[in-house]
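# sequence-free structure coming up:
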């Protein structure tokens with residue numbers, strides 16, 4: 001038996017011709033069988049037009065000599081029809097995912113296709129198993145437990161079989177924080193400002209969704225924003241400034257502190273008097289009237 005075209009796999013809709021020959025006198029008659037069951041098909045050729053999945057299987061050609069009454073079977077030929085993969089989709093968690101608390105299960109399926117293998121990626125890199133990441137035996141699903149903030153991002157599932165490939169994407173959002181709360185770039189610190197000067201304290205935090213902020217000045221709530229500004233500092237503004245960052249989704253609150261010192265602005269005439277005194281001392285020293293001159 002010969003198969004034309006010869007291939008390990010065929011897509012639905014392909015046309016395949018199986019031809020059978022045998023040495024026989026008188027010429028043999030031929031009949032065809034699929035998976036051991038005789039088909040109602042006779043002749044040297046079996047044409048499979050627009051082949052479908054249900055026509056997959058092992059084909060055998062039987063040759064019969066009506067005089068000798070002998071039957072001989074060909075070697076089997078395997079015809080495997082694989083459906084193209086389509087409708088690939090990843091389904092993920094239906095509830096809010098919080099770092100350190102939640103687990104995330106991602107499932108990858110196709111609306112159509114057979115003999116599917118799967119490959120998981122995060123970003124452009126293969127997703128590898130770890131103590132937190134486990135795959136099902138057929139890789140149709142992946143479990144992340146517990147999730148971390150680093151698990152945020154786009155996941156891809158690449159489905160393939162010998163005749164087609166399809167890819168599905170899913171963006172996993174992991175809510176986390178606030179963390180790394182800082183005021184003017186530091187998690188704690190102090191500064192000194194002069195009376196009537198302008199002071200700005202800026203608070204930031206790493207958080208998803210973005211954190212909301214409020215300020216405590218010496219324990220009293222003063223402002224609900226990330227930046228605290230004092231247009232003209234007075235001595236009463238000295239004290240402890242606490243920025244509190246909160247995340248309504250994770251329910252977490254984290255703070256940072258900053259101590260503000262206030263000093264009086266030195267009067268300009270005091271500076272002038274000191275400068276004048278310095279000049280006089282230098283002049284007297286030059287005349288040898290001070291400093292133990294000869």
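Alright, I've got the coordinates. Only a predicted model underlies this, so the values are computations on that prediction, with no experimental measurement involved.
# C-alpha from now on. contacts and neighbour counts both.
Fine.
# how much space between the residue nearest to residue 19 when sequence neighbours are not counted and residue 38?
Excluding its sequence neighbours, the residue lying closest to residue 19 (C-alpha to C-alpha, 6 or more residues apart in numbering) is residue 45, at 4.5 Å. Distance, residue 45 to residue 38, by C-alpha to C-alpha, to the nearest Å: 15 Å.
# out of the two, which sits in the busier spot?
residue 45 (19 against 14; other C-alpha atoms under 10 Å).
# so what's the residue nearest to residue 19 up against?
Neighbouring residues of residue 45 by C-alpha atoms under 8 Å, 6 or more residues apart in numbering: 17-20.
# can you check residue 118 too?
138-140, 157-160.
# quick one: low-confidence parts of the stretch 1-150 of the chain?
Counting by pLDDT under 70, not a single residue of the stretch 1-150 of the chain qualifies.
# so how far is residue 136 from residue 199?
57 Å.
# the more surrounded of these two?
residue 199 (17 against 10).
# excluding chain neighbours, what is closest to that one?
Nearest to residue 199 is residue 230, by C-alpha to C-alpha, 6+ apart, at 5.2 Å.
# and the one you found, backbone torsions?
In terms of degrees, to the nearest 10, the main-chain angles of residue 230 are phi -110, psi 110.
# give me the number of residues near it?
Residue 230: 13 neighbours (other C-alpha under 10 Å).
# what about it, distance to residue 194?
For residue 230, the distance to residue 194 - C-alpha to C-alpha - is 12 Å.
# what of residue 242?
20 Å.
# between these two, which is the more surrounded one?
residue 242 (22 against 17).
# who are the packing partners of the helix or strand containing that one?
Per DSSP states H and E: residue 242 is located in strand 239-247. Where contact means 3 or more C-alpha pairs under 8 Å, 6 or more residues apart in numbering; DSSP states H and E, strand 239-247 is packed against strand 176-183, strand 199-208, strand 212-217, strand 252-263.
# ok so, going back, looking at the contacts of residue 118, which is nearest residue 25?
Closest approach to residue 25 among the contacts of residue 118 (C-alpha to C-alpha): residue 160, at 49.2 Å.
# can you pull up the bridge partners for the closest one?
residue 117, residue 165 (DSSP bridges).
# residues near it, how many?
20.
# follow-up on the earlier one: which of the contacts of residue 45 are buried? Put it as a PyMOL command.
Command for PyMOL that selects the buried part of the contacts of residue 45, burial taken from 16 or more other C-alpha atoms under 10 Å:
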select buried, resi 18+20
